[in-house]
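Asker: Could you look at this predicted model? Sequence included:
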Amino acid sequence: MKFWILVKIIAGLAVTGVVAFTAMLAYHIVVEPLGGVFEKIIPEAGTVLRVEKEEDFAKTLEAAEMPDFDPSDRAYQKAHDLIAMGQIPEGREKLMAIVNVFPSSPVAPTARRLVGEMNLDEILSSSYREGKTEYQVKRGDSYFAIASRNDTSLDMLMHLNGMMELKSLQPGDDLLLMPLNFRILIEPQRKAVSLWDGAKFICEYPILNMDGVKLSSGKTVIDSRRALLEGKTVNPTAKNYSAAAKSIGLKSPSTQIFPYNEADEDPARGIFLREADVEELFLLTRTGNTVEIRNSGK
């Protein structure tokens, strides 16, 4: 029994010695160099921790709660600084880190919006060629056939080639094309519709209304794209096509993505986005695109 008491006393003294040594080492680093063995361990203690105002540092240590530093805030500020200095790719990379790593942080919505604007500026620009190809028209080609063979739409073909209406095709004509293989993600709980290129986030649109629509988690596809003007379907080749209201239909469940009209007293059931957002999403998608519905916790 006496042996175990002796062991406990020795262990206690050892712990006390370690605590005392650690405290003195901390004093050596933070407050004032102690010399001796401590100087051998950390020769220049002042270079380890520089404190401009010792009083402020002491108050911080004595505070009941330590300051809450949100890493997403720091990342956002860094991104802001990089973009301001013209380092756009580096700034976008920082913003993407917020979107991917801190999706629920207070600055995440702003980061998503900024990333989306930068991504779409490139995607919708005819001068930015990444992801786009040039096609030389052959005899017997038609706009519909070219769009179908290249996984794109007449809308995007016309947009990239600066066409207000379709003109006659001639063999040897050059067209700029971009395949539309984006994926739509619908998150009812977040009230958001986003566009993705594989695992890469492209942009996001807020859902303004989806009353009466219940969506279960799962995957479906776009099976229809419609342009209506005064209740009549308008073809892309028509001169009044740009004035028509666009909508996107999902296969299963049978649901439509509509432009929101606050004045509509009896709206159809569906997912409502801002009119400009529906127009943009319509331009960026085609029939057959994958749509994923993701409910929180599922």
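Answerer: Done, it's in. Numbers count the residues shown, from 1 in each chain.
Asker: Near Ile257, how many other residues are there?
Answerer: In terms of burial, Ile257 registers 27 neighbours under the definition other CB atoms under 10 Å. C-beta coordinates here come from the backbone N, C-alpha and C atoms, glycine included.
Asker: quick one: it and Ile271 touch, right?
Answerer: Yes. Taking CB atoms under 8 Å as the definition, Ile257 is a contact partner of Ile271 at 4.8 Å.
Asker: tell me, what's touching these two both at once?
Answerer: With CB atoms under 8 Å, 6 or more residues apart in numbering applied, the overlap between the contact sets of Ile257 and Ile271 consists of Val193.
Asker: Contact partners for Ile123?
Answerer: Remark: with contacts taken as CB under 8 Å, 6+ apart, Ile123 is in contact with Gly131, Met178, Ile202, Leu284.
Asker: again, only this time at 10 Å
Answerer: By CB atoms under 10 Å, 6 or more residues apart in numbering, the residues touching Ile123 are 130-132, 156, 160, 178, 180, 182, 195, 197, 202-203, 283-284.
Asker: next one: Asn150
Answerer: Thr133, Tyr135, Met156, Leu157, Leu175, Leu177, Met178, Pro179, Leu180.
Asker: Roughly how far does it sit from Gly218?
Answerer: To Gly218, Asn150 is 29 Å away according to CB to CB, to the nearest Å.
Asker: just Cys203 next, same as before
Answerer: With the distance defined as CB to CB, Cys203 ends up 23 Å from Gly218.
Asker: Looking at the two, which one has more neighbours?
Answerer: Taking neighbours as other CB under 10 Å, Cys203 and Gly218 compare with Cys203 leading, 22 against 13.
Asker: Which helix or strand contains that one?
Answerer: strand 200-206 (DSSP states H and E).
Asker: by contact count, what packs against that strand?
Answerer: Taking 3 or more CB pairs under 10 Å, 6 or more residues apart in numbering; DSSP states H and E as the contact definition, the neighbouring helices and strands of strand 200-206 are helix 88-101, helix 108-123, strand 183-187, strand 192-197, strand 271-273, helix 275-284.
Asker: Listing partners with orientation, what would you give for that strand?
Answerer: With DSSP bridges as the test, strand 200-206 is paired with strand 192-197 (antiparallel).
Asker: Output the strand it pairs with as PDB, restricted to C-alpha atoms.
Answerer: Listed in PDB are the C-alpha atoms of strand 192-197, where the atom choice follows Å, rounded to 0.1, in the frame of the first residue of the first chain:
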ATOM      1  CA  ALA A 192     -32.900  27.900 -54.600                       C
ATOM      2  CA  VAL A 193     -32.300  26.600 -58.200                       C
ATOM      3  CA  SER A 194     -28.700  26.300 -59.200                       C
ATOM      4  CA  LEU A 195     -26.800  25.300 -62.300                       C
ATOM      5  CA  TRP A 196     -23.800  23.000 -62.300                       C
ATOM      6  CA  ASP A 197     -21.200  21.800 -64.700                       C
END
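Asker: Give the buried residues for it.
Answerer: Taking 16 or more other CB atoms under 10 Å as the neighbour-count basis, strand 192-197 is seen to contain the buried residues Ala192, Val193, Ser194, Leu195, Trp196.
Asker: which one of those is nearest Asp141?
Answerer: Minimum separation from Asp141 among the buried residues of strand 192-197 (CB to CB) is found for Leu195, which lies at 29.0 Å.
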